[in-house]
Every structure is written in C-alpha cells, then in structure tokens.
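# prediction below, plus the sequence it came from.
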Amino acid sequence: MQRFQNGVLRPPLQFRKTQVRHLMFDLQRYGSRTAFVFGTIVMVLSGCEFGLDPTPDDGSPPGYDVEEPFPIDRGDDGLTTPGKYKGLWLRMVNNGTPLVEPVEGRIGVVCIGMSDPATECGDYIARINSHWIGDVASEVVVLNCGRPGAGIEDWLNAEHDWNLWGACLNVLLPYIPIRRDQIRVVYHTAANRQTTRADGTPLPTYPHPESDYQNLYDNLDTFAERVTTFFPNVQAVYTSSRNYAGFAGGGEPLSYEEGHAVNSWLGQNSMVNGVWYGWGAYAWAPDCASEVMNGGGICYNQTDFDQGGLHSSPVGRGKVSWLIHHRLLLEGWYRRR
C-alpha cells in the first residue's frame, strides 16, 4: 500500500526522479504550457504502470489503497488521492432521496446521539432559527434529543428506554410545536460509547472481527429495528458518524473507521421496515496540519475542541452545524420554497 503526503499520493521515488527529468527537458525544449501537458501524460501513464487504474473494473474509485485515514468523500478526486482504505472504498454511499411528507403542516426532525451530537444539534437549531432561517422550509421543526454519554449501545438497551427515548417523547417533545405522529425524520449521529477493552486498551482496528468498526455495524442493525417503535411515522433516518478524534489521544483511527462502518452499513440497508436510510453530513476531517480537507471543505484545529480534545468547542460546533445544514439543503422537504 502506498503512502500520501499533504493529501497527495507520492509515487515511487524512481518515478518521481524520472518525471522531473522529463519535465526539465520539456521546459527547455517546448516551453511551459507544452511541458505541463507532457508532465500530465507522464503522471497518468506512470500511475497505470504502478498499479493505478483510472477506470477500475470493479467500479471502485481510482487511486492507491492506503492504511492512513483519508476522507471517505474524497476518493473520486482523481489519481493523486487514495481510492481505498484497507480495501474499503473512499466513496460515500448514495441511497438517493427519501420521500418526506408533512403531517398537518409539520415535518418533525429529531436529533439523536451522545455528547458532541447533542451540543452540535443545539448549535444547529440556534442557527436555523436565526441567520439560516430563510433557507429552511417553514414546516420543519427540529428537536434535540441528544444525550451526553449516551452512545448507540445505550439507545439499544431497553433498561435506558425511559431515560432516552422516553425523555425525548415525554419530557422534551411537549415543549416544541410538533406531536409524536409528526416526527418524520431522525438525524442520528452514530457512535459507539465503548471503544476500549476491559483493560482500557483501544479495540482493534478494521478488519479485525472484534473491531470497533464491526461493533458499530452490528449496532446499526439493532438501532434500525428499534426506531419505528418510538417514532412510528418516521420516513427517513439520516446517519452521520463521529468527527475527528486525533486531538483526544488514542481516538484515531477508530473514529475514522466508524465512518466506514456507517458507509458499509448504508450500502446494504437503504430501506429498513419501510424507512429510508442514508448519509447525513460527513463530519470527519483530518487535522488541518495535514493540509487535507474533507469534501465539505473543512479540517480541524485544536481550537475546534476543548482542552482534552474530546468535545467540540463553539468553533468546532459551528463547523459541524454548517455541514448538517448544507447536507440537508440538498433535500426538497428541507429547503424553503
């Protein structure tokens, strides 16, 4: 597997030296414009020589297979970016557009997740009720049912139903202008709370069968079976994954690989019990020091998180809110008409 630097794959050293010699010769003989064309041809041909297929037979993104995290939504950028991570495609699953219809003039949207998703949803609600208010359909009302410390395992545990699902429906819902039957959309930021073994060491990485990736994939199966129990009129579940955890120490690549678990699961589950499932915002992006951004155009700095690097700061929450809003703006039910 090849390595990349600053978001660009580095071909073998022998090729790089050969390419430079070609370009120097072309510059002297033909001028800069022709040299640029020649250099591009050399790069493409050399990519084929070293295993880069511009049109892979299996339909996967072009580019090398890497072992370092790279945004899932950047794999189709071309031959100079990775196409796979440990064999997993760097391409967001597209499950199309759901049918979301109002009930008596309301489309209720419920945010579900743990600590960061709860504060990020709160930030997002504040923004769509202020400077983004002109973008959002008047029928849309968002309820924040995120709960600090409640990972996906807790939402699956019947012992926590009253504190989580019950609190959402019986404590929080009465304070906003929608009813239970008007909840049509769930925005779920899926994340495992338990990402370590009993001895405190991180869970193994993909493709280990006991990896955090596999745990989240399995948990998504159970979550999908439970959603309609509590929201019987839901039509669409938008699923997101964690943002960057590299400033927390030991959080990567598990946080990144949870995004792949979501992507793989969505690839196999576009409809469950009559409910559409698809991607929400892709919030993972690397440290800005890498000079790599995700497809939404963001990266993360230390200032985007608290001192421990675990929870989003107001600046970091603003980035995620922007991603959520612009993802949902793609949907006709969400946009103001």
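That came through, no problem. Numbers count the residues shown, from 1 in each chain.
# domain-wise, how is this structure divided?
Residue ranges of the domains in the chain are recorded as 4-89, 107-328, according to automatic domain parsing.
# closest to Pro98 out of those?
Closest to Pro98 of the domains of the chain, according to CB to CB: domain 107-328, at 3.6 Å. Where C-beta positions appear, they are placed from N, C-alpha and C, glycine not excepted.
# model confidence over that closest one, on average?
The average of the pLDDT scores along domain 107-328 is 96.
# any idea how far apart the tips of that domain sit?
Domain 107-328 has an end-to-end distance of 13 Å (criterion: CA to CA, to the nearest Å).
# same question for stretch 308-319.
Start-to-end span of stretch 308-319 (CA to CA) is 19 Å.
# buried residues in it?
309, 311-313, 316-319 (16 or more other CB atoms under 10 Å).
# got a list of what the nearest residue to Leu90 once chain neighbours are set aside touches?
Computed as CB to CB, 6 or more residues apart in numbering, the closest residue to Leu90 that is not its neighbour in sequence is Gly75, at 2.6 Å. When the contact criterion is CB atoms under 8 Å, 6 or more residues apart in numbering, the partners of Gly75 are 61, 63, 81-84, 89-91.
# for this protein, what spans make up the helices?
Per DSSP state H, the chain has helices spanning 13-30, 32-49, 115-128, 152-156, 167, 212-230, 254-268, 314-328. These are given in chain order.
# ok, now which ones touch the nearest residue to Gly295 once chain neighbours are set aside?
Spatially, and ignoring its direct neighbours in sequence, Gly295 is nearest to Asp73 (3.4 Å; CB to CB, 6+ apart). Applying CB under 8 Å, 6+ apart, one finds that Asp73 lies in contact with 90-92, 282, 294-296.
# in the stretch 151-300 of the chain, which spans are strands?
Secondary structure of the stretch 151-300 of the chain, counting by DSSP state E, counting those that start in this stretch: strands at 183-189, 236-240, 271-272, 275-279.
# need those in TSV (columns: distance to Cys288 and mean neighbour count).
Written out in TSV, the entries for the strands of the stretch 151-300 of the chain read as follows (distance: least, CB to CB, whole Å; neighbours: other CB atoms under 10 Å):
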stretch	distance to Cys288	mean neighbour count
strand 183-189	22	25
strand 236-240	21	24
strand 271-272	37	14
strand 275-279	23	21
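# my read is that Glu139 contacts Glu104, right?
No - Glu139 sits out of contact with Glu104 when judged by CB atoms under 8 Å, with a separation of 9.6 Å.
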